[in-house]
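>>> Show me how the following folds:
(one chain, ligands or ions: 1)
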Amino acid sequence: MVAQLNETERDAALKELSDWKYDPGRDAISRKFKFGDFAQAFAFMTRVAIHAEKADHHPEWFNVYNKVDVALTTHDAGDNGGLSQRDIDLAKKIDSFV
Ligand SMILES: C[C@H](O)[C@H](O)[C@H]1CNC2=NC(N)=NC(=O)C2=N1
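All right, here's what the predicted structure looks like:
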């Protein structure tokens, strides 16, 4: 079980992730990325994937051509999933790749 962020922790964390949108319905954060072409989008996804595997924390994402939509939430958090520090850490890492 992973600790789910409470409202205060979540709001503080989101202040440092201004490009990410909070989804109260899922207790998740998401961000849309647009690259020059598919190769650049996939290179980004490859970097994220390598890090995600090392961190044992994986994104939910959708890619079409040069666009990548990323959503982060922790399946193991709380009773039925939610936002954890792992999501915040992964979002910051992802931001460092763009
Ligand atoms: C067993 C469990 O699947 C692993 O500990 C990891 C894998 N990657 C994961 N990724 C995400 N987003 N949430 C998780 O709870 C999670 N759990």
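
>>> Quick one: name the residues of this structure near the ligand.
Taking CB under 6 Å from any ligand atom as the contact definition, the chain meets the ligand at 56-58, 74-76. (Each C-beta comes from the backbone N, C-alpha and C, glycine too.)

>>> Let's see if you can find the most crowded of the residues you listed.
Using other CB atoms under 10 Å as the neighbour test, those are led by residue 74, with 22 neighbours.

>>> partners of that one in the sheet?
residue 82 (DSSP bridges).

>>> Which pLDDT value goes with the spatially most central residue of the chain?
In the chain, the residue lying closest to the centroid (CA atoms, centre = their mean) is residue 72, at 3.5 Å. pLDDT for residue 72: 98.

>>> Verify the stated contact: it with residue 28.
Yes. Residue 72 lies in contact with residue 28 (CB atoms under 8 Å); the separation is 6.2 Å.

>>> what's the overlap in contacts for the two?
Counting by CB atoms under 8 Å, 6 or more residues apart in numbering, the contacts common to residue 72 and residue 28 are 83, 87.

>>> Only C-alpha atoms, please: export stretch 23-35 in CSV.
Taking C-alpha atoms only, stretch 23-35 is exported to CSV below (Å, rounded to 0.1, in the frame of the first residue of the first chain):
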residue,chain,number,x,y,z
ASP,A,23,-8.3,15.3,-12.3
PRO,A,24,-10.3,15.1,-9.1
GLY,A,25,-12.4,12.3,-10.6
ARG,A,26,-9.4,10.0,-10.7
ASP,A,27,-7.1,11.7,-8.2
ALA,A,28,-4.6,11.9,-11.0
ILE,A,29,-2.5,14.5,-12.8
SER,A,30,-2.1,14.8,-16.6
ARG,A,31,-0.2,16.7,-19.2
LYS,A,32,-0.3,16.9,-23.0
PHE,A,33,3.0,17.0,-24.9
LYS,A,34,3.5,18.0,-28.6
PHE,A,35,6.8,17.2,-30.4
